[in-house]
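>>> here is the input, now give the coordinates:
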Amino acid sequence: MTNDPATPEQKPVSRREAHTPATTEGAGSSSSVPEDAIAGPAAAAPPQRSRARRIAGLITKIVSWVVIGAAAALIIAFVLVPRVTGATPYTVLTGSMRPSMPPGTTVVVRPVEFDTIRVGDVITYQIASGKPEVVTHRVIAVNITPEGPRLETKGDANPAPDQNPIRPEQVRGKVWYWAPVVGYLSQGVQTDTRTWIARGIGIALIGYAGYLVVSAVRGRARRRAEEHAAEEHTIEEHTTEEHSAEEHDAETPR
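Numbers count the residues shown, from 1 in each chain. Sure thing, here's the model as predicted:
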């Protein structure tokens, strides 16, 4: 039996070549579509989504810790510290001490000896001795009178000093520290109620902080498990490729 001249001679086809996708032949060149080009976007999508989730989780944790820290600092500064030290928080209601202490500012006033008060100190004093109404103004002079020392005060934003000199028994204390806006949060809330609210917020913050810690630990363990699984998958792929190469070498004619 003779070969047809028009029919090209065929060579044996190995098992690996039989499963190899055909290529498109052109004018002196051939092109094929790599498997990586097809699987590339799909394989890259999960790491991108995972990275976005990690970034979003990190931002959420940072914001949460900032809020927790700010709330804890306010509770410590304006509830716990005054209670422990015997200081008293007051809320500024007028604009006489602008711009440093605008309305809504909470000032923490600490009792001091009258003779330690100096010009420039900001004090809180009773408008009338024995009455609950108080004013927070700056001392502009310490005067010695036949009745004893008297303080002359003035609001920073007021054009003139206060009319009446301040006697020792009127002084509630010297302003220790203050924070704007805080007074608006506590205005109209009784002291006992404010204490219970602060305790409740403190307990809630502690619980939330514990939740964040537990979530962080679980998240770290989950990421380690995913990384371990990815490593095992990579090792398995390498092993499969090595076995395939060995089978191909065994089937290739020598």
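
>>> bridged to the closest residue to Pro161 other than its chain neighbours, which residues?
With sequence-adjacent residues excluded and distances taken as Cβ to Cβ, 6 or more residues apart in numbering, Pro161 is closest to Lys154, at 4.3 Å. C-betas here are computed from N, CA, C, even on glycine. Lys154 has the following beta-bridge partners by DSSP bridges: Arg138.

>>> residues near Lys154, how many?
Residues within reach of Lys154, counting by other Cβ atoms under 10 Å, total 17.

>>> gap between the helix or strand where His233 lies and the chain center?
In the assignment (DSSP states H and E), His233 maps to helix 191-251. Mean-position distance between helix 191-251 and its chain equals 20 Å (Cα atoms, centre = their mean, to the nearest Å).

>>> what ranges do the helices span in this structure?
15-18, 35-75, 81-85, 182-186, 191-251 (DSSP state H).

>>> between the ones you listed, which has the poorest mean confidence score?
Among the helices of the chain, helix 15-18 carries the lowest mean pLDDT, a mean of 46.

>>> rewinding a little: for His238, see how far away the residue nearest to Pro161 is.
From Lys154 across to His238, the span is 82 Å (Cβ to Cβ, to the nearest Å).

>>> over to Ala73?
Ala73 sits 53 Å away from His238, going by Cβ to Cβ.

>>> cool, and Ile127?
For Ile127 relative to His238 (Cβ to Cβ), the value is 85 Å.

>>> and those two? which has more neighbours close in?
Ranked by neighbour count (other Cβ under 10 Å), Ile127 and His238 place Ile127 first, with 13 against 10.

>>> separation between that one and Thr153?
Distance of Ile127 to Thr153, given as Cβ to Cβ: 11 Å.

>>> any shared contact partners between the two?
Common contacts of Ile127 and Thr153 (Cβ atoms under 8 Å, 6 or more residues apart in numbering): Val135.

>>> how many neighbours does Gln48 have?
Gln48 has 10 nearby residues by other Cβ under 10 Å.

>>> contact partners for Ala52?
By Cβ under 8 Å, 6+ apart, Ala52 has no neighbours at all.

>>> so how many other residues sit close to Ser129?
A count of nearby residues for Ser129, using other Cβ under 10 Å, gives 11.

>>> same question for Val67.
12.

>>> ok, it to Val81 distance?
Taking Cβ to Cβ, one finds Val67 at 20 Å from Val81.

>>> measure Ala221 to Ser215 for me?
Using Cβ to Cβ, Ala221 is found at 11 Å from Ser215.

>>> no wait, Ser129
From Ser129 across to Ser215, the span is 56 Å (Cβ to Cβ).

>>> for Ile206, same thing?
Counting by Cβ to Cβ - Ile206 and Ser215 are separated by 15 Å.

>>> also Thr240?
Note on Thr240: its distance to Ser215, by Cβ to Cβ, is 37 Å.

>>> same question for Gly104.
Taking Cβ to Cβ, one finds Gly104 at 36 Å from Ser215.

>>> of those two, who's got more company?
A count of neighbours by other Cβ under 10 Å puts Gly104 above the other of Gly104 and Ser215, at 17 against 12.

>>> wait, Met97 touches Asp156, no?
Yes - counting by Cβ atoms under 8 Å, Met97 does reach Asp156; the two are 5.1 Å apart.

>>> okay, and the common contacts of the two?
Counting by Cβ under 8 Å, 6+ apart, the residues touching both Met97 and Asp156 are Arg138.

>>> compare these two and say which is more crowded by neighbours.
Neighbour count, other Cβ under 10 Å: between Met97 and Asp156, Met97 has more, with 24 against 14.

>>> report the contact partners of that one.
Contacts of Met97 by Cβ under 8 Å, 6+ apart are Thr105, Val122, Thr136, His137, Arg138, Gly155, Asp156, Ala157.

>>> if we use 10 Å, what do you get?
Residues in contact with Met97 (Cβ atoms under 10 Å, 6 or more residues apart in numbering) are 103, 105, 107, 122, 135-138, 154-158, 175, 178.

>>> done for today, thanks.
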